[in-house]
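> Give me a model of this one.
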Amino acid sequence: MSMGQLSGASALHDAVAKGKLHLARFILDAVDGKGPVNSQYKYGKTPLLRAVRIENEQIRAKVMILLIKHLADVNAQDNMGRTPLSYACEIFHNDVVSLLVKNNVDPNLEDNNGNTPLANKQMVRLS
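Here you go, the predicted structure:
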């Protein structure tokens, strides 16, 4: 990664973590095709993995849709092997589960402990 890509990745992670949709959009529009959308930050988190934790449901959905439109990997795994679906199931963000399912998430990916995302939630509705 070049210095510009590194700073773009850091800026995107910060914008996503703070739910700053307009800034995230600006960064993604400003970078070339292989930009920071799938860059890993602390503990292997990608912007999409970080977006799952945005508290405001409307902002969370908009940020996640933006990232997915910019080719964020919906099956990205962090250092623990956890995916966006795994975290969404754990914290009961059904809106995220639905969005990920509509974007071809793999519900059978196992984390480092051999658990699938659905092990983190008592029967989540996948439609």
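
> contacts, neighbours, all on C-alpha from now
Noted.

> ranges for the strands of the chain?
Using DSSP state E, the chain contains no strands.

> lowest average confidence, helix or strand, in it?
Across the helices and strands of the chain, the lowest-confidence element by mean pLDDT, DSSP states H and E is helix 3-17, at a mean of 78.

> Return the distance of that one from the chain's centre.
14 Å (Cα atoms, centre = their mean, to the nearest Å).

> So which elements touch it?
Judged by 3 or more Cα pairs under 8 Å, 6 or more residues apart in numbering; DSSP states H and E, helix 3-17 is in contact with helix 21-30, helix 47-51.

> could I get it in PDB with only the CA atoms?
The C-alpha trace of helix 3-17 is given here as PDB (Å, rounded to 0.1, in the frame of the first residue of the first chain):
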ATOM      1  CA  MET A   3       1.300   6.300   1.800                       C
ATOM      2  CA  GLY A   4      -1.800   7.800   0.300                       C
ATOM      3  CA  GLN A   5      -3.700   4.400   0.500                       C
ATOM      4  CA  LEU A   6      -2.600   4.000   4.100                       C
ATOM      5  CA  SER A   7      -3.900   7.500   5.100                       C
ATOM      6  CA  GLY A   8      -7.100   6.800   3.100                       C
ATOM      7  CA  ALA A   9      -7.600   3.500   4.900                       C
ATOM      8  CA  SER A  10      -7.000   5.200   8.300                       C
ATOM      9  CA  ALA A  11      -9.400   8.000   7.400                       C
ATOM     10  CA  LEU A  12     -12.100   5.600   6.100                       C
ATOM     11  CA  HIS A  13     -11.900   3.500   9.300                       C
ATOM     12  CA  ASP A  14     -12.200   6.600  11.400                       C
ATOM     13  CA  ALA A  15     -15.200   7.900   9.400                       C
ATOM     14  CA  VAL A  16     -17.000   4.600   9.600                       C
ATOM     15  CA  ALA A  17     -16.300   4.100  13.300                       C
END
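
> which residues touch that helix?
For helix 3-17, contacts defined as Cα atoms under 8 Å, 6 or more residues apart in numbering pick out 21, 23-24, 27-28, 31, 35-37, 39, 41, 46-47, 50-51, 53-54, 63.

> which residues does the residue nearest the centre of the chain contact?
In the chain, the residue lying closest to the centroid (Cα atoms, centre = their mean) is residue 48, at 1.5 Å. Applying Cα under 8 Å, 6+ apart, one finds that residue 48 lies in contact with 37, 38, 64, 67, 68, 72, 73, 74, 84.
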